[in-house]
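Peer 1: give me the fold of what follows.
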Amino acid sequence: MKRALVTGGAGAIGGNLVSALVREGCRVTVLDDLTSGHRENLPKGVRFIKGDVGDEKTVARVLKPGFDEIYHLAAFFANQNSCDFPLKDFRANALGTMHMLEGASRMRGLESFLFASTSSLTGDLDAGLAEGFSTPYMASKFTGELYCRYYRRISAVPVRTVRYYNCYGPGEWPGRYRNVIINWIERVMKGEALTITGDGRETRDFTFVDDIVAGTLAVARSRKTLGPRVYPIGTGRETSIKALAAMIQDACGRTVDVRFTPRRGWDKTLRRRADNRLTRRDAGWSPKVGLEDGLRRTVAWYRDRFGSR
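Peer 2: Take a look at the predicted model:
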């Protein structure tokens, strides 16, 4: 029986990943401070530890028993949140990642250490690293990637790195700093107007959480993915924000007003989609869920969890 640790395991991606590991028969431990995660996202039978990856003693205590796999998803999410609270962002995303890697470097028998990074680091149409980091979140996540390269080279930690592209789906609760899809679903269900920052022609690669989880597991367990390469987990399809607003209203079966405001100062990327060819080749993964289907499933989960509040 594999022993797996998932940091940030009570979050949307983390909770779905934990459920997938449990279905495989893994013995799972979750480390999460519940800043944005929820215990309700976790299946029965997992060991839960409430704690902060930014605390060195907590990480050392959690890692002491040893694990076969570590999935380091814990993060201070995301761009606007990091602009408002840059020190909290650094503590979780940069310092927390170093604590995890330092602890992993002392473990024997570790098969995989997967670090979850962000598509925010990529420029227009995945043309490479974005020019200049406009938020602390981008800087701290890239720092985490660099730490992974260092510990892979110096301490032989079996590091894999992925970049998630605009994940959405069941398990993500609405909130000020959460992703656009779940917040817009809530607004439509309440009959409130949607606000687009920009002109609505901006595009993103929206990827259903089941595909994110499948890609995470595939990268974590492929021998070809060890090392400094970064593996995008996204559909490879771009959708405009204006089109997304219409699709969400259709999935909810309701119509609301759509308003426009100026683009946020840090939001420099106009078009973004994953170039997932490397992930397909080395991990044997490909996305399965289309956006229309994923939105319907997310709306159904929202209704089941929150009703029509």
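Peer 1: report the contact partners of Ser140.
Peer 2: Phe76, Ser82, Asp89, Phe90, Ala92, Asn93, Ala94 (C-beta atoms under 8 Å, 6 or more residues apart in numbering). The way it works is simple: take the backbone N, C-alpha and C, and place the C-beta from them, glycine included.
Peer 1: in TSV, list those residues along with distance to Ala139 and pLDDT.
Peer 2: TSV is the format used below for these (distance: C-beta to C-beta, whole Å; pLDDT from 0 to 100):
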residue	distance to Ala139	pLDDT
Phe76	12	94
Ser82	8	94
Asp89	9	96
Phe90	8	97
Ala92	13	96
Asn93	9	97
Ala94	8	97
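Peer 1: identify the farthest-apart pair in those residues.
Peer 2: Farthest-apart pair in the contacts of Ser140 is Ser82 and Ala94; separation 10.9 Å (C-beta to C-beta).
Peer 1: who's more crowded, the two?
Peer 2: Ser82 (27 against 21; other C-beta atoms under 10 Å).
Peer 1: could you list the low-pLDDT ranges of the stretch 101-250 of the chain?
Peer 2: Scanning the stretch 101-250 of the chain with the threshold set as pLDDT under 70 gives 126-127, 131.
Peer 1: that older thread, what is the nearest of the contacts of Ser140 to Lys242?
Peer 2: Of all these, Ser82 has the smallest distance to Lys242: 26.3 Å, by C-beta to C-beta.
Peer 1: what are the ranges of the strands in the stretch 101-250 of the chain?
Peer 2: For the stretch 101-250 of the chain, the strands defined by DSSP state E, counting those that start in this stretch cover 112-118, 159-164, 167-168, 194-197, 203-204, 207-208, 230-233, 239-240.
Peer 1: dump the ones you listed into CSV; add mean neighbour count as well.
Peer 2: Below are the strands of the stretch 101-250 of the chain laid out as CSV (neighbours: other C-beta atoms under 10 Å):
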stretch, mean neighbour count
strand 112-118, 24
strand 159-164, 24
strand 167-168, 24
strand 194-197, 18
strand 203-204, 21
strand 207-208, 26
strand 230-233, 25
strand 239-240, 16
